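Q: Take this sequence and fold it.
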Amino acid sequence: MSKEKELIVISGATGISGSETVRQLLRKGYCIVAFDNFFASSIDSIKDVAQHPNLMFFEYDICNKEQMQKLEVLLQKLTSQESVELSFINYAAVVHTRHFYIPSSTFKINVLGMKSFLDMAVRLNAKRYINCSTSEVYSYGSYKEGGVCENDPLLFATAEESLRTSYAAGKLQTEFFMKEAVKDGQIKGCSIRFANVYGSNELYPEHIIPYTINAIRNGNTVKLLTNAKNTYRTFLHNSDSCSAVIALLETPSALDGSVYNVGTGEEILIPDLVNMIAAKMNKKVNIIYEGKRTADPERRLLNIYKIRKKTNWTPKIHLSDGLDECVKCS
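A: Numbering: from 1, shown residues only. Sure, this is the predicted structure:
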């Protein structure tokens, strides 16, 4: 089927990942119906493609039943006019770290919102559904040599220690929804557990990379949590995370209901990340440590052998190059 006959429905389309996926799909010739409620984004993130003839955008909330009913009616009309193949990509989520500890918000959007969007896809006989999950589901079991694999045991932090566990548990539940729908023959799809995604269009000044750039530019002092002294992370450039989504979307054999890690093998200590950014800005930096965040594992490294084997996808942007872009565009 030609891409002109394929329609991609994207939730959370103006977020850091949704907006880049919209651009990449448009460049590949797909038609898109996209929506976002601007909870964590802005229409400015897609202003470069807002008038594209293959894009329809709506300011809709995935948890607003009336708006989702309107969307479903529209999709029914679009698919009834001619033979059109529907695919869904769900980016709608509470992903900012400050919201990890609010179970009511994470449950409403991540669990109920995802399930209702999946149910819509099934009712419309959509062919594919990509469920964007998170590496947070690994919780305390998020490191081993070579990276944690999709089938490794999960070791959650206790609820008594941190409400953050609710975010990971909610995302894990969406993976089960995905598995069930595929197992029952309702749709083809998969879930993706992302590493820490970053990019030059990051709108959250609190996230570590834009926060560090802004802090150094405004006074050379960067405040980190005390546990950051021994915390390692891998950072995945947004362009690579989105190309992974599309690689899975375009690989029928990968849409088996299972889970795919998407990350890089570049692991870095958080203070070293701060110093690297400072060096790229030709600045000296003063790091101050204060406070602590609970249920935050020291290391999170993902094994990406599975997605590489299935799709030949591999990350292309090294952290140093990605940071150069962030510094230049900030």
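Q: Quick one: the strands in this protein, in order.
A: Assignment of strands within the chain using DSSP state E yields the ranges 6-11, 31-35, 55-58, 85-90, 128-132, 188-194, 196-198, 221-224, 232-237, 256-262, 267-269, 286-289.
Q: packing partners for the first one?
A: Judged by 3 or more C-beta pairs under 8 Å, 6 or more residues apart in numbering; DSSP states H and E, the packing partners of strand 6-11 are helix 16-27, strand 31-35, helix 65-81, strand 85-90. (C-beta placed from N, C-alpha, C; glycine too.)
Q: May I see these organised as CSV, with distance to residue 165 and mean pLDDT added?
A: Shown next, in CSV, are the helices and strands packed on strand 6-11 (distance: least, C-beta to C-beta, whole Å; pLDDT from 0 to 100):
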stretch, distance to residue 165, mean pLDDT
helix 16-27, 24, 94
strand 31-35, 30, 96
helix 65-81, 28, 94
strand 85-90, 22, 96
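Q: which one of these lies closest to residue 199?
A: Taking C-beta to C-beta, helix 16-27 is the member of these nearest to residue 199, at 5.5 Å.
Q: ok so, going back, output the helices and strands packed on strand 6-11 as a markdown table; include the columns distance to residue 262 and mean neighbour count.
A: Formatted as a markdown table, the helices and strands packed on strand 6-11 follow (distance: least, C-beta to C-beta, whole Å; neighbours: other C-beta atoms under 10 Å):
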| stretch | distance to residue 262 | mean neighbour count |
| --- | --- | --- |
| helix 16-27 | 11 | 23 |
| strand 31-35 | 21 | 22 |
| helix 65-81 | 27 | 14 |
| strand 85-90 | 14 | 24 |
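Q: Could you save the ones you listed as a markdown table and add columns showing distance to residue 189?
A: A markdown table is the format used below for these (distance: least, C-beta to C-beta, whole Å):
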| stretch | distance to residue 189 |
| --- | --- |
| helix 16-27 | 16 |
| strand 31-35 | 18 |
| helix 65-81 | 17 |
| strand 85-90 | 8 |
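Q: quick one, which of the ones you listed is nearest to residue 6?
A: Nearest to residue 6, of these and by C-beta to C-beta, is strand 85-90 at 4.9 Å.
Q: quick one: that closest one to helix 65-81, angle?
A: 150 degrees (axes from the mean of the first three to the mean of the last three C-alpha atoms, to 10 degrees).
Q: could you give the angle of strand 85-90 to strand 188-194?
A: Strand 85-90 and strand 188-194 are oriented at 30 degrees to each other (the same axes, to 10 degrees).
Q: Report the distance from strand 85-90 to the chain centre.
A: Here strand 85-90 is found 16 Å from its chain centre; the criterion is C-alpha atoms, centre = their mean, to the nearest Å.
Q: what sits against the nearest residue in space to residue 238 that is not next to it in sequence?
A: Nearest residue to residue 238 in three dimensions, chain neighbours excluded: residue 199, at 3.2 Å (C-beta to C-beta, 6 or more residues apart in numbering). If you count contacts by C-beta atoms under 8 Å, 6 or more residues apart in numbering, residue 199 has them with 16, 20, 237, 238, 239, 322, 325, 326.
Q: Could you tell me how many residues sit around the closest residue in space to the third one that isn't next to it in sequence?
A: By that I understand residue 237. Residue nearest to residue 237 in three dimensions, not counting chain neighbours: residue 317, with 3.9 Å by C-beta to C-beta, 6+ apart. Using other C-beta atoms under 10 Å, residue 317 has 18 other residues around it.
Q: was I right about residue 317 contacting residue 242?
A: No - in this structure residue 317 lies outside contact range of residue 242 using C-beta atoms under 8 Å: 11.4 Å.
Q: Which of the helices and strands packed on strand 6-11 sits closest to residue 223?
A: helix 16-27 (23.1 Å).
Q: Report the angle between the closest one and strand 188-194.
A: Angle, helix 16-27 to strand 188-194, by the same axes, to 10 degrees: 130 degrees.
Q: now the angle between strand 6-11 and helix 16-27, please.
A: Using the same axes, to 10 degrees: helix 16-27 against strand 6-11 is 170 degrees.
Q: For helix 16-27, which helices and strands make contact with it?
A: strand 6-11, strand 31-35, helix 238-249.
Q: Quick one, which of these gets closest to residue 125.
A: Using C-beta to C-beta, the nearest of those to residue 125 is strand 6-11, at 12.2 Å.
Q: Understood, closing this out.
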